[in-house]
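Novice: what would the 3D arrangement of this be:
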Amino acid sequence: MSYSVDNVTDKPKSREERIKDFVRSMAAVDQAMQPFREQKIDLKRNYVENQWLSREDMKYVTKAYNFAKRGDFDLDKFVEAFNKVK
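Specialist: Sure thing, here's the model as predicted:
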């Protein structure tokens, strides 16, 4: 079984305790991100309501953005998504 040392108490933590810590941390991060998810939803809704972009336009623009953001940029996929927006 894997153990590591807790910096505060110098007491070894079991794998199970680390799993609990990890889940608590993930839940905290997820909760902190929720307002940003809601902001993205509101942003998209605003663009549709104002007829600035269609949902389909945003879908393809988002795909192109994600290609560039991930670093595995594929020019052919980008051009395909971009042409659908035109």
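Novice: now the helices for the chain?
Specialist: Taking DSSP state H as the criterion, the chain carries its helices at 15-49, 55-70, 75-85.
Novice: can you list those in TSV and add mean neighbour count and mean pLDDT?
Specialist: Yep, even glycine has a C-beta here, placed from its N, CA and C like the rest. Shown next, in TSV, are these (neighbours: other CB atoms under 10 Å; pLDDT from 0 to 100):
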stretch	mean neighbour count	mean pLDDT
helix 15-49	11	96
helix 55-70	14	85
helix 75-85	13	77
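Novice: which residues are in contact with Arg45?
Specialist: For Arg45, no residue meets the contact criterion (CB atoms under 8 Å, 6 or more residues apart in numbering).
Novice: just the one 3 residues further on next, same as before
Specialist: For Val48, the contacting residues are 54-55, 58, taking CB under 8 Å, 6+ apart as the criterion.
Novice: now those residues as CSV including distance to Arg15?
Specialist: Written out in CSV, the entries for the contacts of Val48 read as follows (distance: CB to CB, whole Å):
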residue, distance to Arg15
Ser54, 49
Arg55, 45
Met58, 43
